[in-house]
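> sequence first, predicted coordinates after that:
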Amino acid sequence: MLSETAILREGYDALQRLLPRGWSCSCVAEPRGADLQLTVRSPDDAVAEMVVEAKRRVPLGLIPKVRAALSRAGTTATPLLVAGWLSPLSRAELTAVGVNYLDLTGNVDIRLERPGLYIRTSGANRDPEPTSSTLNSLKGAGAARAVRALADFLPPYGVRQLAEASGASAPVLSRVLALLEREQLVTRNPHGAVETVAWANVLRRWGEDYGFQRSHRAVPCLEPRGTSALTRKLLTSPETWAATGTMGVPPGVAVVPVRLSTVYVESPERTASALGLKIVESGANVVLVEPADAGVYARSLRGDDGVVRCAPSQVYADLLSGPGRGSAEAAALMEWMEANESAWRRRT
C-alpha cells in the first residue's frame, strides 16, 4: 500500500492531468498546516488556492476530523482530500460537507467557484487493496443481525450483554465491531464495552454491502383489490409476517402512497395461497419475501392500525435496495429515526 507521501505526489500528478487545457497548478513553498497547498490558475490568470490533506483510506467516521484539519489549514482556501481509495459512502459525505476529493482509482469531484471549474470522474466502488482482516464487509445474515443490534440498542453495553439482548452471535458481533471501530463508527472503552455508536452512519455503511435481492427470495404477487384488501387479509392471518419497504414506514412518515406492498413471510407460496393472491411475472402490487434469516423480524412492532412493521433499521436498509428502491422514503425515514430515537431504540 502506498505511503501518504506517495499518495500526495500521485494525486498532484493526477490533478495536473485532469485540468483543462490552459489551466495549471503549482505548489506553495510553505503550506499553512496542510499536507500541501496549491495555486490553481485559469487561462485568464484568475487564481484559486487549495489546501490538500492526504490519507490512505478515509472511513466515514474520520471525515469530520479531516474537514476540521482542512478548515484550520486555510479558511479561505478550497479543501481537497487526496486518498488511495474512497468508498461511495465516504464520497457522498465529503460532498455533503463541502470537501473536494480525488482518489487514485479515479473517483474525483473538484469544484471551484472562482475561477469556475468542475471536474468529476468515476473510479472504483470497491477497495482495490482491502486489508487482510477477519472481516471486510457487512454481508450476510450474521452481520445483518449484528448491525441491527448495534443500531437498535442504546449503549453502553458489552458484547455478551448485547448478544443476549438481541440474539446476535457474540463472535460475529466482535468481528463487526472491529470493522466499525476501524472505520471510527463506534467507540469502546479499555475493557471492550461499546460506549458510542454512530448508528445512522452504521446503517448507511451496512447499506453499501447489504443487498435485498441477493439476501432474500422474493415472489411477486397480485392482489386485485389493492393495498387495503391485502392489509385486511394480513390482519387475520395466523402466520408470522412483517411489512417492510413503503408499507413498513411508520404512519405519517411515508412520502408516497403504498403501491408495492413488501412483506416478509415464512413461505411466500403458502401465504399467497392462503391470502388468495396470484403469483405473477409482471404487474405485481405485492412482494412476499422469504427472508434469509429470521433476524428480519427482530423488534418488529404492531402499530395502532394493526400492521406489523419491521424495525426501522431493517426497513431503512430494505428501502435502499429492495423492490422499488425508495431512496426518498429512506431519507424521510432516516430523518424520522434521528428525531424519534426513543420511539425505536431501547436499552439492553
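In hand now; what should we look at? Numbering: from 1, shown residues only.

> for the closest residue to V286 other than its chain neighbours, give its distance to V280.
Closest residue to V286 apart from its sequence neighbours, by C-beta to C-beta, 6 or more residues apart in numbering: C221 at 4.3 Å. All C-beta spots, glycine's among them, are computed from the backbone N, C-alpha and C. Separation of C221 from V280 (C-beta to C-beta, to the nearest Å) stands at 6 Å.

> which one's more surrounded, these two?
Per other C-beta atoms under 10 Å, whichever of C221 and V280 has more neighbours is C221, with 23 against 13.

> shouldn't the more buried one be within a strand?
Yes - the assignment for C221, made by DSSP: H, G, I helix; E, B strand; the rest coil, places it in a strand.

> isn't S261 right up against L230?
Yes - contact criterion C-beta atoms under 8 Å: S261 and L230 qualify, at 5.5 Å.

> in the stretch 201-348 of the chain, what residue spans correspond to strands?
217-222, 241-244, 261-265, 278-279, 286-290, 301-302, 308-309 (DSSP state E, counting those that start in this stretch).

> about what we covered before: spit out the residues that contact S261 and L230 alike.
223, 286 (C-beta atoms under 8 Å, 6 or more residues apart in numbering).

> those two - which one has more neighbours?
Neighbour count, other C-beta under 10 Å: between S261 and L230, S261 has more, with 25 against 22.

> check contacts around that one.
By C-beta under 8 Å, 6+ apart, the contact set of S261 is 223, 227, 230, 243, 245-247, 285-287.

> A311: which of these is nearest?
Of all the contacts of S261, A311 sits closest to A243, with 11.4 Å by C-beta to C-beta.

> neighbours of the closest one, how many?
Considering only other C-beta under 10 Å, A243 is surrounded by 23 other residues.

> wait, what's in contact with it?
Neighbours of A243 in contact, by C-beta under 8 Å, 6+ apart: 234, 261-264, 307-310.

> please apply the same query to T246.
Contacts for T246 (C-beta under 8 Å, 6+ apart) come out as 254, 256-262, 319, 324, 326, 329.

> looking at these, which has the most residues close by?
L319 leads the contacts of T246 on contacts (other C-beta under 10 Å) with 28 neighbours.

> one step back: widest-spaced pair of the contacts of T246?
Largest pairwise distance in the contacts of T246, by C-beta to C-beta, is 14.9 Å, between P257 and L319.

> what about the residue nearest in space to the middle of the chain, distance to S71?
For the chain, R204 is the residue whose C-alpha lies nearest the centre (C-alpha atoms, centre = their mean; 1.8 Å). Here R204 is placed at a distance of 23 Å from S71 (C-beta to C-beta).
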